[in-house]
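Chemist: Here is the input, now give the coordinates:
(chains A and B)
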Amino acid sequence: MAAGAGLAARRCSPCHPKASWIVSITIYRFDHCIGRYIMAKYPFKDIEKKWQKRWEDEQTFRAVEDERFPKEKRRYVLDMFPYPSGAGLHVGHPEGYTATDIYCRYLRMNGYNVLHPMGFDALGLPAENYAIQTGTHPAVTTYANIDRFRTQIKSLGFSYDWSREVITCDPEYYKWTQWIFKRLFEKGLAYRKEAAVNWCPRCKTVLADEEVAGGLCWRCESVVEKRFIPQWFFKITAYAQRLLDDLEELDWPEGIKQMQRNWIGRSEGVEFEMKVAVPPSQASEGNLEVLSDQKPLAFRVFTTRIDTVFGMTFAVLAPEHPLVDRLLQHVPDDRRAAIEEYRSAAKRLSEQDRLATTHEKTGVFTGLCAINPVNGHEVPIWIADYVLYGYGTGAIMAVPAHDERDFEFATKFGIPIVQVIAPKDGSAVELPWVDKDGVMVASGEYTGMTVAEGQKALGEWMEALGIGERKVQYRLRDWLISRQRYWGCPIPIIHDADGNMEAVPDDQLPVLLPDVEHYEPTGDGTSPLAHIEEFVNCTDSEGRLARRETDTMGGFACSSWYFLRFCDPHNGRQPWSPESVRYWMPVDCYVGGAEHAVMHLLYARFWTKFLYDEGLVPVKEPFHRLENQGMVLALTPFRHPRENERLEVGQPGIQITFEEAQRLPQDQVFYRWEKMSKSKGNVVTPDEAVEKFGADALRVYELFVAPFDQAIQWTDEGLQGAARFLTRVFRIATEVAPWWRFDWEDGLLGELSAPARELRRKTHQTIRKATEDIERFAFNTYIAALMTFVNAFNDFLKMVGPEPTESEKAVACEALQTLILLLSPAAPHSADEIWESLGGGGFTYQMDWPRYDEQLCREDTLTIAVQVNGKLRDTVEVPADASREQIESVALASAKVQAHVGGKAIKKVVYVPGKLVNIVAP
RNA sequence: GCCCGGGUGGUGGAACGGCAGACACAGCGGACUUAAAAUCCGCUUCCCGCGAGGGAGUGCGGGUUCGAGUCCCGCCCCGGGCACCA
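Modeler: As a prediction, the model looks like this:
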């Protein structure tokens, strides 16, 4: 392509005196329609490198805490930082980065001081698993990956302040992660308790959830078990209510807020105690036990429907409930084995499977009963996996008449069902009846009360008698932070000889990750760190021998505060200075994938609130505005299953490579849009895209092709279309260049010709549209508006021909300057290049964002849609200042309209100003 | 299963409750070319009709309204999240 183009290159400097630079490096061809040489392709490679170098040389994107900018003229715009995987950047990453870059460049053009940093989330499982496979230290691969990511990101011309880069595996960074851990520990918000891990009995290791496929280990396919070991937690539940309440003030997508509300899952109810009725034959044994550990056999249950308590016909304990062990001493021998077996089976099921309503209810009867405190009735105690130990008290009162799950269970096991809530009108209902709009029946002295009255009365009664209390329960659980892994931030805790825990003193931070010989799991469930004696052996504050904590922190800890470090990334004495966070925080606009809707965003909010309480940050919320980007999908080949093959539920076919797809008969192959990922072999890297079409084309394409928050279906053709658009912009610039003058405003004299009026209108309308669209992250319509503008500009150039009037030239200059500036955020290399070619100095992002004139946007005439009975029958042109009466009479006069109205009486006429007339004549 | 999104021409998408299909891609026709590519110009929701024109149409079924892609109710399908991937 390039060789042929070289031969075809022509010089046409006589007609483009000011654009000689373009002539020197651009490919020209003669266009017979307009009778001139035009540019066929723009030299993006040279252009992009040149501008990236200039931007870097001039340190133009460096953010400085300049007090001359008042708070409302500062903006902190942040991308969720990437995890640098070995596969390198793929085209999904730049979508969000382009959006923030456009927004930042736009803000700078509007006079804002902008902080726009980038860093890397570098601790985690993939690097460690790679180390296990290859023996390469995770730090080596991680830093190599980071270098690759950084180069790739830089090739796209984003306006990051790279001087603020942070990397979470850098001891200078994780020192402060440990420092925050300590603050949480000191406030009692970091604590240790037993919790379940996925345990593979064959590999003798703890597995991440994603390493468990269908209950089996991903490496050896053994059945994965739950194992209880002591682990570290952050007490996020202490902040549940505030995390819920403060969602109100956030400018986030409503769906994300709703997901967080559901995740926190606030519910109000009553928690009360139920005593176990020990059978007479075992009474003596039971009494002995009561004496021995001072704890009567009893358990607590939580319910949001205390009003249904008279309908309790059984009680259920989660299989993991600690009381089950004690109950086992009292159950008949023949049941003991069944219960033990049930418990070990439950261990193997995931929580999701247990809760699925498709999962048939299972359970075992203990042979024991509990006493319903409101009426003294004995109800059987069952053990069933639909009750989770992690939620509420891990035990429930079961009211099958008014709960779907209890109903299903009772029906299956033949347990009685007693209705205690009925509609107010006394009509019969089908059970289970879960409606709360009813009254209590068969409920002793409470009969006749509404649900709400009964809940209040029963709650008060239980509180008065000390049986139970009203309680707010959250579904939110404390944040499990422990990982029995190597490549994570060490937990800065020391266990002394007496089993007490103390924090590592601040002056000894960071607790450095030591080098290890092997990254393989140790086989006893501890981290590889546990076998490094130099690491583990230490002394406590009194100089006695002690053991260092060997669990590390999950990656979410590191990403819960990186936005604070960006404010002051090189501070060696503090995690950040108070002045820096006061200057920049909160993040005004945070952009990333919706997959982080709950966990990352909730954890970061929690840490920010805690740090606010400690007086360390001036804001209660980290991210004011949130925008989500969509995924990037790629067409992926599949084939239909063969005779001996069976597909899993929901599996569309057998995924194959593109080569296989070529080889196989076409009727066996089909394509689907799948998420781009290394494992699917459908990844397109930005390097390929930049090489073929340039960074600006990639940027424009990714934002044009779909709304920002929707998935993109990646196609090369679409990318080519974006490149074509940029070529057209260059071509227009080349055509207007001979007329160019910086003082074009002086040329706008007298009455404008019709094409000139039209172009000016379009110019100002486009400014308005582009401004509104960038503000609301509607980048696809922003780009579309620029395309429409370019098309209109083209039409104008054709209409005025090679000899336009002075004022037409001036209007063309205004349009070109506007086009360059409006394009600058999206395609900055091209914009700066064209601006320079016109003799302009500096960078376009340092220029002022264009302003539109409302008067100039206004159309001369309006097209009014005319409907008859809501159906479009005609459109009419009217002057922009026509009155309602005039418009209605023109509309009625239309022959097409008359044909449909006929002689019918007109009932009414609906008029929408400037838009539409609807004649209602039924 | 639960929670949250989404479903509009051949394709991606546009559309304050007011002309459905902006802007692109692909396709078709034309110009240029020895030719191809590139570029430029034009057409392009479907059905009926030579045409003028008419009818249908925003996943499916109802409803509200002068008027519904948009609001309400009930379904179907696809995607994301579900606490140790990040």
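Chemist: pull the CA atoms of stretch A:558-575 into PDB?
Modeler: Provided in PDB are the C-alpha atoms of stretch A:558-575 (Å, rounded to 0.1, in the frame of the first residue of the first chain):
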ATOM      1  CA  CYS A 558      -4.800  -2.400  48.100                       C
ATOM      2  CA  SER A 559      -7.500  -1.000  45.800                       C
ATOM      3  CA  SER A 560      -9.500   0.500  48.600                       C
ATOM      4  CA  TRP A 561      -7.300   3.500  49.000                       C
ATOM      5  CA  TYR A 562      -5.200   4.000  45.900                       C
ATOM      6  CA  PHE A 563      -7.200   7.000  44.900                       C
ATOM      7  CA  LEU A 564      -5.900   8.700  48.100                       C
ATOM      8  CA  ARG A 565      -2.300   7.800  47.400                       C
ATOM      9  CA  PHE A 566      -2.600   9.500  43.900                       C
ATOM     10  CA  CYS A 567      -3.200  12.800  45.700                       C
ATOM     11  CA  ASP A 568       0.300  12.600  47.200                       C
ATOM     12  CA  PRO A 569       2.100   9.500  45.700                       C
ATOM     13  CA  HIS A 570       5.600  10.100  46.800                       C
ATOM     14  CA  ASN A 571       5.100  11.000  50.400                       C
ATOM     15  CA  GLY A 572       7.500   9.000  52.500                       C
ATOM     16  CA  ARG A 573       6.300  10.100  55.900                       C
ATOM     17  CA  GLN A 574       2.500   9.800  55.500                       C
ATOM     18  CA  PRO A 575       0.100   7.800  53.300                       C
END
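Chemist: and residue A:338, what element?
Modeler: helix A:333-347 (DSSP states H and E).
Chemist: Relative to the whole chain's centre, how far out is the helix or strand just after that helix?
Modeler: Of the helices and strands lying after helix A:333-347 in sequence (DSSP H and E), the nearest is helix A:351-355. On the basis of C-alpha atoms, centre = their mean, to the nearest Å, helix A:351-355 sits 24 Å off its chain's mean C-alpha point.
Chemist: Name the surrounding residues that touch helix A:351-355.
Modeler: A:215, A:346, A:359, A:385-386, A:388, A:390 (C-beta atoms under 8 Å, 6 or more residues apart in numbering). For the C-beta atoms, the positions are set from N, CA and C on the backbone; glycine is no exception.
Chemist: Can you show me the helices along the stretch 501-650 of chain A?
Modeler: With helices called from DSSP state H, counting those that start in this stretch, the stretch 501-650 of chain A shows them at A:533-536, A:555-558, A:562-565, A:578-584, A:599-613.
Chemist: Just say which of the ones you listed is most tucked in.
Modeler: helix A:562-565 (a mean of 25; mean count of other C-beta atoms under 10 Å).
Chemist: between the helices of the stretch 501-650 of chain A, which one is nearest to residue A:854?
Modeler: Nearest of those to residue A:854, taken as C-beta to C-beta: helix A:578-584 at 34.7 Å.
Chemist: tell me the average confidence for that closest one?
Modeler: Throughout helix A:578-584, pLDDT has a mean value of 97.
Chemist: sorry, back to before: list only buried entries from the contacts of helix A:351-355.
Modeler: A:346, A:385-386 (16 or more other C-beta atoms under 10 Å).
Chemist: which of the residues you listed has the weakest pLDDT?
Modeler: Lowest pLDDT among the buried ones among the contacts of helix A:351-355: residue A:346, with 83.
Chemist: Next, the contact list for the nearest residue to that residue once chain neighbours are set aside, please.
Modeler: Leaving aside its chain neighbours, residue A:346 sits nearest to residue A:319 (3.9 Å; criterion: C-beta to C-beta, 6 or more residues apart in numbering). Residue A:319 makes contact with A:342-343, A:346-347, A:383-385, A:389 under the criterion C-beta under 8 Å, 6+ apart.
Chemist: 6 Å instead?
Modeler: With contacts defined as C-beta atoms under 6 Å, 6 or more residues apart in numbering, residue A:319 is in contact with A:343, A:346, A:383, A:385.
Chemist: All the strands of the stretch 351-500 of chain A, in order from the start?
Modeler: A:363-371, A:378-384, A:395-398, A:421-423, A:438-440, A:468-474, A:479-480, A:482-483, A:489-490, A:493-496 (DSSP state E, counting those that start in this stretch).
Chemist: now swap in the stretch 601-750 of chain A and tell me
Modeler: Here the stretch 601-750 of chain A has its strands, by DSSP E, counting those that start in this stretch, at A:623-629, A:632-639, A:654-655, A:669-675, A:712-713.
Chemist: Could I get those in JSON lines, plus columns for mean pLDDT and distance to residue A:405?
Modeler: Below are those laid out as JSON lines (pLDDT from 0 to 100; distance: least, C-beta to C-beta, whole Å):
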{"stretch": "strand A:623-629", "mean pLDDT": "95", "distance to residue A:405": "33"}
{"stretch": "strand A:632-639", "mean pLDDT": "87", "distance to residue A:405": "37"}
{"stretch": "strand A:654-655", "mean pLDDT": "82", "distance to residue A:405": "37"}
{"stretch": "strand A:669-675", "mean pLDDT": "84", "distance to residue A:405": "34"}
{"stretch": "strand A:712-713", "mean pLDDT": "92", "distance to residue A:405": "41"}
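Chemist: Using CSV, lay out those together with distance to residue A:75 and mean neighbour count.
Modeler: Output for those, formatted as CSV (distance: least, C-beta to C-beta, whole Å; neighbours: other C-beta atoms under 10 Å):
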stretch, distance to residue A:75, mean neighbour count
strand A:623-629, 10, 21
strand A:632-639, 27, 20
strand A:654-655, 43, 16
strand A:669-675, 32, 15
strand A:712-713, 26, 19
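Chemist: between those, which one is nearest to residue A:850?
Modeler: Closest approach to residue A:850 among the strands of the stretch 601-750 of chain A (C-beta to C-beta): strand A:623-629, 24.0 Å.
Chemist: any idea how far that closest one is from the chain center?
Modeler: Between the centre of strand A:623-629 and the centre of its chain there are 8 Å (C-alpha atoms, centre = their mean).
Chemist: Indicate whether that strand makes contact with RNA strand B.
Modeler: No - using C-beta under 7 Å from any atom of the strand, strand A:623-629 stays clear of RNA strand B, with a minimum separation of 8.6 Å.
Chemist: got a list of contacts for that strand?
Modeler: A:95-96, A:251-252, A:586-591, A:593-594, A:708-709, A:777.
Chemist: Could you do stretch A:73-87 as well?
Modeler: A:93, A:96-97, A:100, A:103-104, A:107, A:112-116, A:119-121, A:145-146, A:149, A:563, A:584, A:587-592, A:678.
Chemist: Any quick ChimeraX command for the buried ones out of these?
Modeler: Of these, the buried ones can be selected in ChimeraX as follows, counting by 16+ other C-beta under 10 Å:
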select /A:93,96,97,100,103,104,107,112,113,114,115,116,119,120,121,145,146,149,563,584,587,588,589,590,591,592
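Chemist: So which of the contacts of stretch A:73-87 are in strands?
Modeler: A:113-115, A:587-592 (DSSP state E).
Chemist: which ones are touching residue A:163?
Modeler: Residues near residue A:163 by C-beta under 6 Å, 6+ apart: residue A:62.
Chemist: what secondary structure does it sit in?
Modeler: Under DSSP: H, G, I helix; E, B strand; the rest coil, the three-state class of residue A:163 is helix.
Chemist: Give me the distance between it and residue A:157.
Modeler: Residue A:163 is 17 Å from residue A:157, where distance means C-beta to C-beta, to the nearest Å.
Chemist: tell me the contacts of the closest residue to residue A:629 other than its chain neighbours?
Modeler: Counting by C-beta to C-beta, 6+ apart, residue A:629 lies nearest to residue A:96, which is 4.2 Å off, once chain neighbours are set aside. Residues near residue A:96 by C-beta under 6 Å, 6+ apart: A:79, A:591, A:629.
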